[in-house]
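Chemist: Structure for this input, please:
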Amino acid sequence: MSNEISLNEVQEFFGDFWYHYDSGHYSELAARFAHDATYISRSESGASPFEEVLAANLSGRDTIIAWLTEHREGGPYPLRHNGTNIHRTGTDGDVTNVRSYIFVTQVANHVPFAVSSGVLETAIRRGDQGLEFTKFDLIMDTDNSVPFAEFKAAANVTAN
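Modeler: Presented below is the predicted three-dimensional model:
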């Protein structure tokens, strides 16, 4: 029997995860992280005016769930995280690597509006209770957009 995780399984796992996060079902979230999982959340530059709210570099399910609980409890309701462009990027043993975007909305004055977006890089494996994250790296889009050529030039300067 193969341990390969299908795209359909991944998409269902992501949809289920974001629903439980938005709804504050913390025991359901805990079941979706491996005991030795890692979690990183930050802005792309690391210098967002909201960095203290979104930045985390965590190891271990209990630590991750404690942070996610505090983070969610401090946020608005309704808040909707939508996973989009979900695709597998490879495998490493029993782990399937997955990349996706997130798009987050909330409601003000009776109208939903965009709050944030970002790129999520994850690693998922089959655990005793089903699929589980072993890695969850979320880079939020908080920097102002610039022409792509400008972004690339700045990235090259930083890398050198």
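
Chemist: and Tyr77, what does it touch?
Modeler: With contacts defined as CB atoms under 8 Å, 6 or more residues apart in numbering, Tyr77 is in contact with Asp22. C-betas here are computed from N, CA, C, even on glycine.

Chemist: How about Arg126?
Modeler: Neighbouring residues of Arg126 by CB under 8 Å, 6+ apart: Asn3, Ile5, Asp94, Glu132.

Chemist: Show me the beta-bridge partners of it.
Modeler: Leu131 (DSSP bridges).

Chemist: So which of the contacts of Arg126 belong to helices?
Modeler: Cross-referencing these against helices under DSSP state H gives no overlap.

Chemist: Where is pLDDT lowest across those residues?
Modeler: Across those, the smallest pLDDT goes to Asn3, namely 73.

Chemist: Go ahead and confirm that residue touches Asp94.
Modeler: Yes - Asn3 lies in contact with Asp94 (CB atoms under 8 Å); the separation is 5.0 Å.

Chemist: okay, and the common contacts of these two?
Modeler: Counting by CB under 8 Å, 6+ apart, the shared contacts of Asn3 and Asp94 are Arg125, Arg126.

Chemist: Could you export the worst-scoring helix or strand of the chain on mean pLDDT as CSV, CA atoms only?
Modeler: Ranked by mean pLDDT, DSSP states H and E, the weakest helix or strand in the chain is helix 148-159, scoring a mean of 81. The C-alpha coordinates for helix 148-159 follow below in CSV (Å, rounded to 0.1, in the frame of the first residue of the first chain):
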residue,chain,number,x,y,z
PHE,A,148,8.2,43.0,-10.2
ALA,A,149,11.5,44.2,-11.8
GLU,A,150,12.1,46.4,-8.8
PHE,A,151,11.3,43.6,-6.4
LYS,A,152,13.8,41.3,-8.2
ALA,A,153,16.5,44.0,-8.2
ALA,A,154,16.1,44.5,-4.4
ALA,A,155,16.1,40.8,-3.8
ASN,A,156,19.4,40.4,-5.7
VAL,A,157,21.0,43.2,-3.7
THR,A,158,19.9,41.5,-0.4
ALA,A,159,21.1,38.1,-1.5
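
Chemist: shaky segments in this structure?
Modeler: Across the chain, the ranges flagged by pLDDT under 70 are 1-2, 157-160.

Chemist: most residues in a single helix of it, which one?
Modeler: The longest helix of the chain (DSSP H) is helix 7-23.

Chemist: Enumerate the positions of that one that are buried.
Modeler: Val10, Phe13, Phe14, Phe17, Trp18, His20, Tyr21, Asp22 (16 or more other CB atoms under 10 Å).
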